[in-house]
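K.L.:
I'd like to go over a predicted model; first the sequence, then the structure.
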Amino acid sequence: MKNSAFSIAIACIAVAVSGCSSLVYTPAVHLSEQPLTKGKIEIQGTVGLLPETRLQDSEHKATLGGSLGAGYGFTDNISLYVSGWLAFSDDMYSRGGWSLSSRVPLLQNERYELLLYPRAALLFYGSGIDGYGAELPLVFLRRFSADVYAYAGAGFAYGTNSFDKIERPQPASGVSDSSSERVLPDGYGIIGHIGVGWNITKRLRLTGEVNPIMQINSYDDRSDVMLVPSVGVGYTIR
């Protein structure tokens, strides 16, 4: 493969914070062994845990869910991916989101690839858009053979329920306070990406990924650490 220069891409998903209810997001990237080249199309489905954005409103730090997405190579160095996800545990599958991402090779040869994977996301609860998120991870991918590869990286993530400040609920301290604090209902964090892949055939692959996450909810003044696993199946159509 040829070395490629850095190209500009719009950034992406992650820790969105709802001022009302907890939303869910998918941190995994489930990379293929090779970037999509011009005219190539791939589809991918995943199943795994989706982190919650407001843990005080949730019984668990993450809930089981799945995603389905597709990618297209516009050139040998620029590809775009669209993905949607849903939480399986909710009635009527009411929580989920959509993301737009791009794989941007920085350095590559036959054995390795250093890449950016910027993503932007919209998160929903029911029929309305309730969150916006972005992540910019830097990932190193190593090819061990024609069939087996692994990757590791991390990125900064930011999310918000609104770009307008809202009133933060005062703590129940028993002391009345006439002053109210208005803050952005947002959060940020670091998302790690550790994955392995197996090319079953030239077109079909299996991937597994674990995401260590440090999530900070500024609105609720809470920070959490979690480990989120998922598995995926990808297929290159042409």
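P.N.:
Sure, I can see it. Owing to the predicted nature of the structure, the values given are computational and were not obtained by experimental measurement.

K.L.:
drop to CA atoms for contacts and neighbour counts, all remaining ones
P.N.:
Noted.

K.L.:
how close does E33 get to G66?
P.N.:
Using Cα to Cα, to the nearest Å, one obtains 21 Å as the distance from E33 to G66.

K.L.:
ditto for Y149
P.N.:
Taken as Cα to Cα, the spacing of Y149 relative to G66 amounts to 23 Å.

K.L.:
swap in Y81?
P.N.:
Where G66 is concerned, Y81 sits at a distance of 16 Å (Cα to Cα).

K.L.:
cool, and G195?
P.N.:
17 Å.

K.L.:
before we move on, what about K40?
P.N.:
From K40 across to G66, the span is 24 Å (Cα to Cα).

K.L.:
and if you look at T75?
P.N.:
Applying Cα to Cα, one obtains 29 Å for the distance of T75 from G66.

K.L.:
So the two - more neighbours on which side?
P.N.:
Neighbour totals were compared for T75 and G66, and G66 leads with 21 against 12 (other Cα atoms under 10 Å).

K.L.:
which residue sits closest to the more buried one in space, ignoring its chain neighbours?
P.N.:
The shortest distance from G66 to any residue other than its chain neighbours is 4.3 Å, reached at V47 (Cα to Cα, 6 or more residues apart in numbering).

K.L.:
Show me what the one you found is bridged to.
P.N.:
Residues in a beta bridge with V47, per DSSP bridges, are G66, V231.

K.L.:
Next one: the residue positioned nearest the centre of the chain from S21, what distance?
P.N.:
By Cα atoms, centre = their mean, the mean C-alpha position of the chain lies nearest to P27, the distance being 3.1 Å. Separation of P27 from S21 (Cα to Cα) stands at 19 Å.
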